[in-house]
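Student: predicted model and sequence below, questions to follow.
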Number of protein chains: 2
Amino acid sequence: MCGMQQSRFRYRAVARKIADHIHTGRLAPGTRLPSVRRLSRQEDASITTILHAYELLEREGVVEARPQSGYFVRADPDRMPPEPKESQPPLRPAYVEIADTVSDLLKITRQGDYVPFAAAIPASELLPVRQLQRIMAAISRRTDDAGIHYDLPPGNPELRSQLSRRSIDWGCRLGPDDFIITTGCMEALNLGLRSVARPGAVIAIESPAYYGILMTIAGLGMQALELPTHPSLGVRPADLERILKRRKIDACLLAPNFNNPLGSLMPDESKAELVELLARHEVPLIEDDIYGDLHLGETRPRTAKSFDRKGLVLLCSSFSKTVAPGYRVGYIAPGRYFEKVEQIKFMNTVATNAPCQIALAEFLRAGQYERHLSRMRESLSDQIQSAAAIIRDTFPAGTRVSRPQGGFVLWVELPPGTDSHHLYNRALENRINLMPGLAFSNSDRFRSCIRISCGHAWNDARRAALAKVGGIAAELAPKNSAGKKLAKKKS
Amino acid sequence: MCGMQQSRFRYRAVARKIADHIHTGRLAPGTRLPSVRRLSRQEDASITTILHAYELLEREGVVEARPQSGYFVRADPDRMPPEPKESQPPLRPAYVEIADTVSDLLKITRQGDYVPFAAAIPASELLPVRQLQRIMAAISRRTDDAGIHYDLPPGNPELRSQLSRRSIDWGCRLGPDDFIITTGCMEALNLGLRSVARPGAVIAIESPAYYGILMTIAGLGMQALELPTHPSLGVRPADLERILKRRKIDACLLAPNFNNPLGSLMPDESKAELVELLARHEVPLIEDDIYGDLHLGETRPRTAKSFDRKGLVLLCSSFSKTVAPGYRVGYIAPGRYFEKVEQIKFMNTVATNAPCQIALAEFLRAGQYERHLSRMRESLSDQIQSAAAIIRDTFPAGTRVSRPQGGFVLWVELPPGTDSHHLYNRALENRINLMPGLAFSNSDRFRSCIRISCGHAWNDARRAALAKVGGIAAELAPKNSAGKKLAKKKS
């Protein structure tokens, strides 16, 4: 499995290495890159791998191919819009007040007839639909009553065994009895929050954060404290440490692996430091790892949980982004809060539905998950890249765009002063749906941002729709930047 | 459908009519009952129906057959132990403190190797296992991606249509858009509570009440106010009115149709009065109707919701007791709180699992539900009756037992001073599981009570187990009543 994964993604590692050399200046603009054959020997990689790597860099606008001459570092290698700026939220906890606004946005999302850039839902063609239906049919043909009865908490034993085996990939060695199966990741986060904190408690989160998390905190009567968040490195432990010196935080709820909407990835050292810091202050960490398996880099990143020595990390995830959103099967590995979580799970929904637990256990047991993930990640990577290219070519100058390390959304910061809620309404008029920035913070600091989901394959209509959003953004951007398209910067 | 239901259950109505005549004294002990043939003409019912009615009354110990002479009212027609007394809880709201105790009890229930008198779960042979599995297999054979994607709130449209059609049986005329599908009834109750009340709020409940409700109130940081509850008539509106004059109640959470554990049924006039009273005080009623379809009398009782004119009743139920516990599909018709409930549903679990929603919609659409229910109710009725007979014959004098009008549990009040937790532990030693009374109240007023689930068919081992419980109860009952078995009262 591991070898296959490596070969599939090897070209990306090579591309990243070259891109690093370019960004740090070791390869100057205009430099000719090694020939495909030479680099193939140098990197001990196949010709195809090197070709794929160069093609990827070309698509990203970092290198260019010159006929008969080979590949060269572009004179303007940084043609992609810059990353969004690091957020600087006000460091005050506050009761979340955006739940009604977000509910209104979600109502639109439930209607099917919009170009779907809003919800972070993977399209059917990315999901293992036929395999799952075969498994479900096989289960239903069994003569016993499997699926009819409660799979009471902690949940289906075979599924928990499979999770235990997978946890090695996350840097953990969790046993089947460390898990409680939940009704999706959202219930896992709810149970986590309810186990470690009470109404009024202060929960530290990333900024921007997934609106579902903000709503959940609101629904539980807790307060959110938004943390400064780097667009690609996530929360910096040093920032959190400074805050912890000044005020009490009851719990953290973070997505070290691929914050939604940023796609940021906390480096391993930061994760270790974070867990150590929180342990010193006895603050529990609810770790949202729902996008962890959708890494776009070569390796599956470790979880913060893997550094947990005190049982203070409650790892939450699900199969909703990777296998079947409709199955509503997630899990939590709640460390020292196991009993409490199990109790609240019973109070909340008694048990998780049995047929889908059985089907997922079977899907994992049959070894189909890794193969599926590998294909899915490749598609998502391409879809994100295409979206980024369209944004580069059609959005106004001054636009910034995230470089997601995982997941499948792009976070786009429009030129300062652009009202993304206005943009959202104009997009709706054009039957295009997207998520405006106000959904991702309680402090309304992302008025000029939008989130674009890349869960669907690109076709002409969708490309035109995203370009249309860019056009509207250009109209709405304040005068000093409006009209100047990024693309026009091309020499 | 209705006609078939009527003929199946007609004998019960006839039996109840005769029993009424006996209990009110219109038919004195020793009186000879009309011949089967004559009563058949009189009641315009078949010979079989009358025979079944007499047999039922005989099993209940109300009449006796004398060879060659016919049926006679027994000299001791009230041989069944009396009903439990009406509860008189302290009328003070309090934070619920039994969650940990109940969690410990439930852990035992999850272990399979006990005689299962504890959990109120219907046995497989009562459930339409084969029909469901056929439906699930058919769905899985479809080539589209049904079941893989979110059925976002309010949930599967076909299932909501079916619920709308069924709601006429509940005395309501709810439309498909009045429903939100939930992860079982427990989530429905949670959403209801969270929509109408905040932490610290006072929730009026029956006493005894289902431990899941007590735990949910505890988990949400709310207070419970236990109401006096009649063992067969439920809560009396007059009692509630008296309390409402003295203190604020934020919401009521009641099961007018078949409180668990009492099986009590509020008469229609009481329901109407209750709804009217609460409307006057603007107090929402969360109506737990999970046992509503498992009426043991001839007709499906109306819901309190059917009297609701102000949208203040939030009707909650599920298919967990009637079709498939493991499917985790329930619903709420939340009246004026629809938007709030929909929002909290999203925060809590996003959506209910799609495959089981589709399967249940199909099961209802195919018209299989009523036929199934009719069979199931008949089995449950027999199982309850057998249990009551064993209790009559083997439990100590001074025992009282409920006359459930629906559902499938018996509430047994042991002679005063009998410690049912002690009994519970002794039963466990004998590999018998049951629910001790302390789980059903926050005020520990049911120390001498136990709940016996009749969800499984009786066999010799189970009969012996229940008799064993009776034997232990006799040992544990305080001296003045111990040893005297009810059965010995027989002349």
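Tutor: The structure has been received and is ready for your questions.
Student: ranges for the helices of the stretch 201-350 of chain A?
Tutor: With DSSP state H, counting those that start in this stretch as the criterion, the stretch 201-350 of chain A has helices at A:211-219, A:237-246, A:268-281, A:338-349.
Student: quick one: least confident helix or strand in chain A?
Tutor: helix A:2-23 (a mean of 70; mean pLDDT, DSSP states H and E).
Student: and the following helix or strand past it, average pLDDT?
Tutor: Counting by DSSP states H and E, the element after helix A:2-23 in chain order, helix or strand, is helix A:36-43. Taken as a whole, helix A:36-43 has a mean pLDDT of 92.
Student: tell me which strands and helices the helix or strand that comes right after helix A:36-43 is in contact with?
Tutor: With elements assigned by DSSP H and E, the helix or strand that comes after helix A:36-43 is helix A:47-59. The contact analysis (3 or more CB pairs under 8 Å, 6 or more residues apart in numbering or on different chains; DSSP states H and E) places helix A:47-59 against helix A:2-23, helix A:36-43, strand A:63-66, strand A:70-73, helix A:368-394. (C-beta placed from N, C-alpha, C; glycine too.)
Student: right, and the ones you listed - which one's nearest chain B?
Tutor: helix A:368-394 (12.8 Å; CB to the nearest CB).
Student: who are the packing partners of that closest one?
Tutor: helix A:2-23, helix A:47-59, strand A:400-401, strand A:409-413, helix A:460-476.
Student: go through these and pick out the most buried.
Tutor: strand A:409-413 (a mean of 25; mean count of other CB atoms under 10 Å in any protein chain shown).
Student: A:Lys340 touches A:Ser195, doesn't it?
Tutor: Yes - the criterion here is CB atoms under 8 Å, and A:Lys340 meets it with A:Ser195 at 4.2 Å.
Student: who has more neighbours out of the two?
Tutor: Higher neighbour count among A:Lys340 and A:Ser195: A:Ser195, with 24 against 19, using other CB atoms under 10 Å in any protein chain shown.
Student: mind checking how far the more buried one is from chain B?
Tutor: 10 Å (CB to the nearest CB, to the nearest Å).
Student: what pLDDT, on average, does whichever strand or helix holds that residue get?
Tutor: Assigned by DSSP H and E, A:Ser195 belongs to helix A:184-196. Mean per-residue pLDDT for helix A:184-196: 98.
Student: repeat that for stretch A:237-249.
Tutor: Mean pLDDT, stretch A:237-249: 96.
Student: now do stretch A:57-77
Tutor: Per-residue scores along stretch A:57-77 average to 80.
Student: tell me which residues in that stretch are buried?
Tutor: By neighbour count on 16 or more other CB atoms under 10 Å in any protein chain shown, the buried set for stretch A:57-77 is A:Leu57, A:Glu60, A:Gly61, A:Val62, A:Val63, A:Tyr71, A:Phe72, A:Val73, A:Arg74, A:Pro77.
Student: how far away from the center of its chain is stretch A:451-469?
Tutor: What separates the centre of stretch A:451-469 from the centre of its chain is 18 Å, taken as CA atoms, centre = their mean, to the nearest Å.
Student: for that stretch, give me every contacting residue.
Tutor: Stretch A:451-469 has contacts (CB atoms under 8 Å, 6 or more residues apart in numbering or on different chains) with A:115-123, A:125-126, A:261, A:379-380, A:383-384, A:386-387, A:390-391, A:393-395, A:408-412, A:423, A:427, A:430, A:432, A:434-435, A:437, A:439-440, A:450.
Student: let me know the pLDDT of the nearest residue to A:Gln223 once chain neighbours are set aside.
Tutor: Of all residues not flanking A:Gln223 in the chain, A:Pro93 sits nearest, at 4.1 Å (CB to CB, 6 or more residues apart in numbering or on different chains). pLDDT for A:Pro93: 95.
Student: ok, A:Met435 - contacts?
Tutor: So A:Met435 contacts A:Leu105, A:Phe117, A:Ala118, A:Tyr211, A:Pro261, A:Tyr424, A:Ile450, A:Arg451, A:Ser453 (CB under 8 Å, 6+ apart).
Student: mark which of these are buried, thanks.
Tutor: Here, 16+ other CB under 10 Å leaves A:Leu105, A:Phe117, A:Ala118, A:Tyr211, A:Pro261, A:Tyr424, A:Ile450, A:Arg451, A:Ser453 buried among the contacts of A:Met435.
Student: just to check, A:Leu312 is in contact with A:Glu276?
Tutor: No - the pair A:Leu312 / A:Glu276 is not scored as a contact, 10.5 Å apart, by CB under 8 Å.
Student: which of these two has more residues huddled nearby?
Tutor: A direct count of neighbours by other CB under 10 Å for A:Leu312 and A:Glu276 places A:Leu312 higher, at 22 against 14.
Student: pLDDT wise, what is that one at?
Tutor: A:Leu312 is given a pLDDT of 98.
Student: what's in contact with stretch A:116-127?
Tutor: Residues outside stretch A:116-127 that contact it (CB under 8 Å, 6+ apart): A:105, A:108-109, A:260, A:321-325, A:376, A:379-380, A:407-409, A:432-435, A:451-453, A:455-457, A:465-466, A:469, B:145, B:148-150.
Student: chain center to it: distance?
Tutor: In this view, stretch A:116-127 has its centroid 13 Å away from the chain centroid, taken as CA atoms, centre = their mean.
Student: let's have the helices and strands packed on helix A:47-59 in CSV, adding distance to B:Val202.
Tutor: Formatted as CSV, the helices and strands packed on helix A:47-59 follow (distance: least, CB to CB, whole Å):
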stretch, distance to B:Val202
helix A:2-23, 57
helix A:36-43, 70
strand A:63-66, 69
strand A:70-73, 71
helix A:368-394, 48
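Student: ok, the closest residue to A:Leu39 other than its chain neighbours - contacts?
Tutor: Spatial nearest neighbour of A:Leu39, excluding adjacent residues (CB to CB, 6+ apart): A:Ile50 at 5.0 Å. Contact analysis of A:Ile50 by CB under 8 Å, 6+ apart lists A:Tyr11, A:Val14, A:Val36, A:Leu39, A:Ser40, A:Glu43.
Student: can you get me a residue count around the last one?
Tutor: So that's A:Glu43. By other CB under 10 Å, neighbour count at A:Glu43 equals 17.
Student: wait, it sits on A:Ala15?
Tutor: No - the criterion here is CB under 8 Å, and A:Glu43 misses it with A:Ala15 at 10.9 Å.
Student: what do those two both touch?
Tutor: By CB under 8 Å, 6+ apart, no residue touches both A:Glu43 and A:Ala15.
Student: now for the helices and strands packed on helix A:368-394, which one comes closest to A:Ala359?
Tutor: A:Ala359 lies closest to helix A:2-23 among these, at 24.1 Å (CB to CB).
Student: is any residue of the host helix or strand of A:Ser164 near chain B?
Tutor: Per DSSP H and E: A:Ser164 is located in helix A:157-166. No - Helix A:157-166 lies out of reach of chain B by CB under 8 Å from any CB of the partner chain, never closer than 11.4 Å.
Student: stretch A:398-413 too?
Tutor: No - interface with chain B: stretch A:398-413 contributes nothing (CB under 8 Å from any CB), its closest point being 15.7 Å away.
Student: ok so, going back, pull out the buried residues from the contacts of stretch A:451-469.
Tutor: For those, a neighbour count by 16+ other CB under 10 Å gives the buried set as A:115-123, A:126, A:261, A:379-380, A:383-384, A:386-387, A:390-391, A:393-395, A:408-412, A:423, A:427, A:432, A:434-435, A:437, A:439-440, A:450.
Student: having no further points to raise, I will conclude here.
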